[in-house]
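[1] coords please:
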Amino acid sequence: MLTCRTCRAGIVERALKPGDELRCRRCGAMVKRGHRVTSLHAAWALSTTGLILLILANVYPVMVFDVAGYTQSNLIITGVIGLAGQGFKAVAVLVFFCAIAAPALYLASVWYVSAACSFGKRWFLVERVAHFAERILPWSLVPVFAIACFVAVVKLDMLGTVTWQVGIVWILLLSICCIFVTRAFDKNFVNDQLRKLR
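    From the prediction side, this is the model:
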């Protein structure tokens, strides 16, 4: 039996062909999708790409802000440090967790589980890591951070000159990559594959 995430109704599990979907009869929410085994290879490749993009997004400046001759180059961590320095320590921790730590933990968890399934190996604590990936996903807010960067630039442009740097490209690519990772890494399919490894 499966449980609908939306209305908590019980649904009889059945085998699905790739591309088929099992929907809840009560609310119509998608409960399970048929995947090819190679979709975990895609999740593994995408999570590897995502981890590389996360490193690049954090070492290259996102923008340069110039006000009356004072120029500041901004990384993702610069905003966190700035918030903490202005007394907004709780907000700084939240931004750090949602923009840096949670995406890193999610992508690393997906990488670990999808690599184990791709190799057909039962690695140490792989079920717990899969469960952790599901729990940390809602906190991985890279796409929201990318949108916030664009909104911030509109406001900052009223105060001075803002010049985009290569870091914004890595953030945008990371956002797209994270969306594709969540599509390829289906919880129910992963659980099926992990059961086969027992």
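[2] where in the chain is pLDDT low?
    Applying pLDDT under 70 to the chain picks out residues 34-38, 198.
[3] tell me where it has helices.
    38-59, 76-85, 89-96, 102-119, 126-136, 142-156, 167-184, 187-196 (DSSP state H).
[4] which of these sits most buried?
    Of all the helices of the chain, helix 102-119 has the most neighbours on average by mean count of other Cβ atoms under 10 Å, namely a mean of 22. From N, CA and C alone the C-beta is placed, and that goes for glycine too.
[5] ok, residue 110 touching residue 42?
    No - judged on Cβ atoms under 8 Å, residue 110 makes no contact with residue 42 at a distance of 10.8 Å.
[6] now tell me what touches stretch 130-148 from outside.
    Residues outside stretch 130-148 that contact it (Cβ atoms under 8 Å, 6 or more residues apart in numbering) are 76, 95, 97-99, 102-103, 105-106, 109-110, 113, 168, 171-172, 174-175, 178-179, 182, 185, 187, 190-191, 194.
[7] make it 6 Å
    By Cβ atoms under 6 Å, 6 or more residues apart in numbering, the residues outside stretch 130-148 that reach it are 98-99, 102-103, 105-106, 109-110, 113, 171-172, 174-175, 178, 187, 190.
[8] ok, now stretch 190-198?
    Contacts with stretch 190-198, where a contact means Cβ under 6 Å, 6+ apart, come from 117, 122, 127, 130.
[9] next one: it to chain centre, how far?
    Its chain's C-alpha centre and that of stretch 190-198 lie 23 Å apart, by Cα atoms, centre = their mean, to the nearest Å.
[10] likewise stretch 73-88?
    Distance of stretch 73-88 from the chain centroid (Cα atoms, centre = their mean) equals 22 Å.
[11] domain map for this protein?
    In the domain annotation for the chain, the residue ranges read 1-34, 37-196 (automatic domain parsing).
[12] before we move on, back to that, ok, the contacts of stretch 130-148 vs residue 5, which is closest?
    Nearest to residue 5 among the contacts of stretch 130-148, counting by Cβ to Cβ, is residue 187 at 9.2 Å.
[13] distance-wise, check the closest one relative to residue 133.
    Going from residue 187 to residue 133 by Cβ to Cβ, to the nearest Å gives 8 Å.
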